Structures are given as structure tokens and as C-alpha cells.
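Colleague: The sequence and its predicted three-dimensional model are supplied below.
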Amino acid sequence: MMDESSVEASPSSVDSPPVSDGDGRVYLVPYRWWKEAQDPQPGSGLRGVPYAACHTPTSYGMKIINNLFGSDLVFNLRRDGDLREDEDDGSRGRCYALIGADLWAQALNRQTDSDLTVKKNGSFLFTEDSTTDVYPLILRISVIRETNILIVKISKKDNAVENYKRASKIFGIDSEPVHIWDFSGRTNLILMEEWNRVPLDCNPKSDQEVLLEVQVSALLENMICKSEAKKDNLQLDQSKLTGSCYGNPLMCNGSLGYSDSDLQNGSFKGGGLFGLRGLDNLGNTCFMNSSLQCLAHTPKLVEYFHGNFRKEINAQNPLGMKGELAMAFGDLLRNLCTIDRLPVVPHVFKGKLARFAPQFSGFNQHDSQELLAFLLDGLHEDLNRVKHKPYVEAKDASGRPDDEVADEYWGNHLARNDSIIVDICQGQYKSTLVCPVCSKVSITFDPFMYLSLPLPSTTMRTMAVTVFSTDGSIEPSTYTINVPKSGKLKDLIRALGVASSLRDDESLLIAEVYANCIIRFLDEPSDSISLIRDEDRLAAYRLPKDAEKSPLVVFVHQRLEEHYILSKRTNWKGFGVPLVTTLPDVVDGSTICKMFLKLLSPFRKSKDAGLDGEEDRCTSISFEANFNMEAESECPQEVEYASNTEGEFQFHLTDEKSKVMQSKIEMDEATPLPTTSKHLFVLVCWQTKVLEQYDTNLLNALPEIYKFRLFPKRSQDSCTLYACLEAFLKEEPLGPEDMWYCPSCKKHQQATKKLDLWRLPEVLVIHLKRFSYTRYTKNKLETLVEFPIRDLDLTNYIAGTPKQISNNYQLYAVSNHYGNMGGGHYTAFVYHGGENRWYDFDDRNVVPIAEEGIKTSAAYVLFYRRT
């Protein structure tokens, strides 16, 4: 008897091992029976000493045992000082008392059990006939399509014939073979003729059961009828029947896993539902739970991981996790796909995840789609059937038919990647790049695991731009426009021209303004607007179309700071948006003054004074000035004048950044044109008294490109999933950071890119790009996406030649995100075919939900399967 068990000896002394009395025999009796037979009076001395059976001792230990007990005793009894008498009442059947013949006789006198039988083993020699099976093999038997579990104990000493007869009696069959499947997955199939080969030295712990599933390969209907008919005749302890399922019914054809119909329905005929177990939240792990529930209800994956998936583990793959991730996921999935409704605690899986993906360690919130992407890729590498990846080189299309090139690319991909993930989750799309310079076309066919679709609102950008006139005809106006995020400056100018009712003989020049200075003109139409930040400020100037390339005069404003008004010292500070007009061929101080006053006309509070009155104000100005720049500004902050000035405005020339004085301006002298710059920059100092005559608030009103509070979001935007797909497949230019190297131009070019779907997978995962990230901002879109539930038809979006395969899909799971970017919460909606209804998986809570309730603005990842 090599299995560990608790044994008690009952001599009068607790320090000596048990010895026999009278005829020298000792009796091994169930401890519960012995306890009931003891003298109830205290102090009688009938108290046992706990002993436990141990592994075979060393040769030195055997010598000691032989000296004490002789050669007849071959099992080793270890005194177990940690076990108290009251810790185990013997009800588990694994505690025994070893007593002598006299105590045996006394116990018999106290017992009135008429059914008591004595088995004589004679000598304690360890032979096949003299052993007692303390730990019988415990089987939890579930008949396919039955939900009740029958617990049967089978002795390891029983041979194949005895086990076969017992199974035949239970299931009411005569000649059909009985197959035994190992629930742990480590043994594929134990045939009855191989039963005697099952190792007997597994040495299970006292609370461990070997769980197997027995399947009778008889006609299903006949088996069910017979089992129902004999149910009342079976003399079984009804307490051993349980509704909990430790394993899952297997197919009768000898293959592991569920049948497809069972997996899609999620139920057994005549039984309960499986797959409705929640997952405990271990601390901000709702993102993980959401993705896991969606995968755990993917029929093809469930079928695969309930089979012998371990034979496909590629432990040598340097890109994999030595199969540990796949085994952890398989174990978790098997736990989820049972009839049990108790939540599963995914400690082991979370530990493996954190080990191989440190970004998911700890208890921070993460993105469920990022977890899904890592998990699918990791499972693929762990289960990649390709042990040695060959080197493959993609050939250029060179005018060959797309079908031929696509099959070649797909064959190259399968030569290096072949797994269950590739089989059911990977598709292929066509990518077309066109060089904007030489029109070189490059076509490739790339695999995809999921589609990341932009929401239409994420493809557009809202921008605020203020438009100024260059002839003083109208006041400045701010316009809010929508332009493509990947668009160019010409798209911005076109949209702004429509919004501002730009005339055919006018054009727009856009400038970026910072600290009351123009820091650059945006005059290259092909520049990407992605270079413009949301916090930047843009001013647009209406120019005559024939003056687009003409030099300009840029007026930069300064005024006396208030706290220096009563001071002897005069300090000037920049304000307002620079004003711009065209520069004539010949210009003097008086002309500059007149141009500036004309530009100020829309800002004048009193509109009575005409241009003639303005000309009188252009008096001769002569002064000397020095700049005293503050280090923290790119524009002049203070200007000290050595002498008092006359007139309302004072003008002087400056450089492009308005930092350095170059020359003074005289009203009656010609002003030299700039030699180092295309434009003439003039610094205008406003006297305090003249500020009251103009509405300077109009000059200061230059909003940021985008400010969230200025553009409140509508309560519920909406779009269709097809619109998202069209936005994904739309031709667009590459970003400046993603430029393509053109083999013809021999340089990187900002090519245009067009995507087309070519090959669709069995399981189509669609990621809705609700989150947007920039260097400066984070945002989440709450757009409601109208997605089909039963009939997602992608036939019109396939660029390849139609094949004899369905392009229709049915939704079966949704990963949801509620809340904002800073945190939020993830849940999952899953379709359950057993009840033809949807369930809401919110961590450990699983509740039904109406079908019309699954379409929400929280939908983040959609799971479709081909129909």
C-alpha cells in the first residue's frame, strides 16, 4: 500500500508501534468504525496514535522495520504528529486503525453491525492478491448530451474485463466498445485493452481525484433511451449525482472537442447551458476579461482547445512563449466552457500574461484591443506548425495578374506561418502605392489579423481660422471648417474659401501667428496639415489673385504698457494680429502710413472719417529707437524711445521676426525695400490716445485651431459600419513620417495609398478606432456605430475575383468600453445559441440582455463569424 493515508495504532502506549496480541495477528480497520467501537468512558486507554503510510523507505530504514516487525510487513507506517484525532472522522475512507487481536475482539463485542465482513489477507506480503486499494480511481462520468454526472470508483487492481463489464452495466450495452478520455488533456484516449497499462504510481494527494470522461460509442438515441430506462433500477447513491460538469462531452467519432452545432448552440440536448461563467476582476483587469470572454465564445477556438492542441505546441519557436501562453489560455478556456456558473479566477493566466508581456503587468487599466492583438499573435507563435521558417522573398508584381500575385504572397505567408490562428483569424488585403512624382505603382498583398476601422469623425479635423482683408474692406471673421486629417494645405484653403465666400479673383494666404508675430507663411499647397497643431493659431489674408507672388507689407503692432504710462520710462509691448497688404514697387513713409490706416478702417469705432482725414494724420515722424528684448519672447516686448514722439503712430522697419531695428522711416523719404526677405516688415507703435479710437479686441480675437470647449460635441453622432469600412479603404496620402521609398525616384516620397480587401477569414475581428492620440492630446469618440448583427455582407468590398465562398458574417461578440480615456470600464456582449439570446459579461456578473441593447456607443471590438 504505497499511497499516503492516515493510520492509527491503538496500543496502550503512544510511544511504541502497534504489536499483535494472542495469535499474533493485526487488523487494519476503517478508523470511523473503530472510533464508534471505542469505550466511551474517558481514560479507558482506547485511544489511537495517528500513523500515515509513506513511500518505500531506504534500505537502512527497512532493516529497522524488519527488526521490529519481521519480514511480513512491507509497507511503511509514518507517525503523523500533525494529525489530531478530531481532524478526520474517517468519513473520507482514507483513515485506518491498526489494532491487535484482543482489541479487535473487544471492538466486535461493542459493534452490532450484522453486515460486517472480514477479509483475510494472511501475510502482509506485497502481492497483487494481498493489497488493499485505499485510493480507488474516481471517475466522473458524463454521457454525451446528458448534464448529470455519475461518479464511479474503479479500483486500480481491476483488470480490463472487470472495468468493461462495469461500464456495460452502467450504460446498458452489451458489445459496443467503451472509450475513456483523459480530462486533463495529457492522454488522448485510453482503450480498454490498454487499461492495465495506466501507471499505478501516480500517487495522488488525499484530496485529488483523477477526472476522466467515459464515452460509449453506441448509437446515441439507443444509449439515451437505455440509460433513461435503467435509471430507476441502478442502486446508486443519489448523493453522488451532481449537476456540475468537470469535463465536456466529446464526439463519438474519436476526435476530441465539441461538434460544431453544439458549440454554436452552447447547449446539450436535454441538458443545461455551458459557457456562462464570469471572470473575477483581479484589479483593473476588466480589459482582459472582456477580450477573453469574446475569444472563449469563438466556436472554432473552443473546439480546438478542447482537443489535443498540445501536440501542436512549438516550444522551440524563438518568437513564442514555449507554449506556456497557449497552455494557460487553453486551461482557462476549458474552465470557462462548462455548465458551472461560478466565476473563474484567472490568476494563472494573468501571471503568464504579465511574464511574457510586461506592459500588462500590475493593476493599471489597459486597452482590450491591444491585449487581444498580443494574445492572438502569441497564440499563433506558440502553436505555429512551422518548426523551421524558410527564407522567402516577395517578387514584384511586374504586370502579372493580381490573382497570381496574391496567391504567391499568401503561399509565402503560409510557408512561415501555419496555426489555428492563421486558419480562422487571418485574411489578406491588397495595398497599392502610387508615387506622386513619377507615378510608379507598387502592389503588395499583406496578411491581417483584424481590421482597424476609423470612425468617419476620426478621419476629419475641425479647425478654426480667422480671415483678414488686405484692403480694409471688411472686418476679420473666424470660420470653423472640417478638413481631412490626412489632407494637405490646399484642402484647408479650399474649405476656408468656401466658408468665407472667397471671390474668383481672390486667393488666401495662411500664416501661423505666435506672440503677436507671424512666424511663418504656409504657402506650399502640398504640405500636410498634420504639421499644424490644435493649439496653433492661424490667420488667413484675402489677396488679389494676381498678387499671389507679390511682396507684402506686414504691420506688427505695439503699444505702451499701462504700468509705464505715468512713468518717465516708455516701454512698449506687442499686441494683436499682424495686418498684411501688397507692397507697391515704390514706397515711402507717407505711403506706408496710408496703407496702414486703410487696413485699420474696419476697426475704427467712428466710421465718419474718410481716407482724406486719414492722410492728414500721416505727419512727418522722426525718431531714434532701441530695442530692449525680453529673453522669453520671440517678438519685441519692450521698446525704449529716447525722445518724445509726435503723431498717433510711429513706424520703423524690422526684420522677419520683428526683433531687430534696421532703419528709421521718414514720411517724405523713400523707404528702402528689403534685400534679405521677400516681404517688408514694419513695426507700428500705437500712442495711448489713439487706442481708444479703434476696437482692438478685433485685432486680438485669434482663437486656437481647435479648443474642445469651443466646439461642444453633439449628444450622439452616428455612422454605419459600412461608412467606417469605406473610410478605411479610401485612397489617402501617406503622412510625412510614413513616406515610401520610391525605387524609381531613389528617394522617399509622400505617396498615395489605397487598400482593398482580398481574402477574408472565418472569424473577422473589427476594431473601431475610438481613441486618438497625438503628442499633445488624447481623445475618445462616442460615435454610435450602426453595425449589422445577422447579415454583414462584404461582397462589394472584395477586390479579388469572387470565389465559391460566403462573404456574409454574423455578429457573435462585442467588446465594450465605457467612460473616458483616463480609465473607464470594459464589458463584453456575447451571443449564446443555446437560448438564442445575448448575455452581458461584466467581469464575474453574467446576465441576459436584449438584442436591441447591444448597439451602443461603447462598442469597441466586433467579432463576426462567416455564415
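Modeller: Okay, I see it. Note that the structure is predicted; figures quoted are calculated from it, not measured.
Colleague: Every contact and neighbour count from this point should use C-alpha atoms.
Modeller: Fine.
Colleague: Let me see the confidence value for residue 522.
Modeller: Residue 522 is assigned 92 on the pLDDT scale.
Colleague: who's in contact with it?
Modeller: When contacts are counted by C-alpha atoms under 8 Å, 6 or more residues apart in numbering, residue 522 touches 489, 509-512.
Colleague: Counting only helices, which of the residues you listed make the cut?
Modeller: Judged by DSSP state H, the subset of those located in helices is residue 489.
Colleague: Take the contacts of residue 522 and lay them out in a markdown table including pLDDT.
Modeller: Formatted as a markdown table, the contacts of residue 522 follow (pLDDT from 0 to 100):
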| residue | pLDDT |
| --- | --- |
| 489 | 91 |
| 509 | 94 |
| 510 | 95 |
| 511 | 95 |
| 512 | 94 |
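Colleague: Redo the contacts of residue 522 as CSV? Include neighbour count and distance to residue 401.
Modeller: Output for these, formatted as CSV (neighbours: other C-alpha atoms under 10 Å; distance: C-alpha to C-alpha, whole Å):
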residue, neighbour count, distance to residue 401
489, 21, 37
509, 17, 46
510, 22, 46
511, 20, 48
512, 16, 48
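Colleague: Closest one of the contacts of residue 522 to residue 545?
Modeller: Here the nearest of the contacts of residue 522 to residue 545, counting by C-alpha to C-alpha, is residue 509; it sits at 10.3 Å.
Colleague: and the closest one, what are its bridge partners?
Modeller: residue 541 (DSSP bridges).
Colleague: could you check the distance from it over to residue 107?
Modeller: 111 Å (C-alpha to C-alpha, to the nearest Å).
Colleague: Show me where the stretch 751-867 of the chain has its strands.
Modeller: Along the stretch 751-867 of the chain, the segments classed as strands by DSSP state E, counting those that start in this stretch run 752-759, 763-769, 771-773, 778-780, 784-786, 792-793, 808-818, 825-832, 837-842, 845-849, 859-866.
Colleague: Next: the stretch 451-600 of the chain.
Modeller: Under DSSP E, counting those that start in this stretch, the stretch 451-600 of the chain gives strands at 451-454, 460-469, 477-484, 506-514, 517-522, 537-544, 552-560, 572-582.
Colleague: With distance to residue 864 added, can I get the ones you listed in JSON lines?
Modeller: Output for the strands of the stretch 451-600 of the chain, formatted as JSON lines (distance: least, C-alpha to C-alpha, whole Å):
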{"stretch": "strand 451-454", "distance to residue 864": "12"}
{"stretch": "strand 460-469", "distance to residue 864": "27"}
{"stretch": "strand 477-484", "distance to residue 864": "30"}
{"stretch": "strand 506-514", "distance to residue 864": "47"}
{"stretch": "strand 517-522", "distance to residue 864": "46"}
{"stretch": "strand 537-544", "distance to residue 864": "44"}
{"stretch": "strand 552-560", "distance to residue 864": "59"}
{"stretch": "strand 572-582", "distance to residue 864": "54"}
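Colleague: for the ones you listed, which one sits closest to residue 493?
Modeller: Of those, nearest to residue 493 by C-alpha to C-alpha is strand 506-514, at 6.8 Å.
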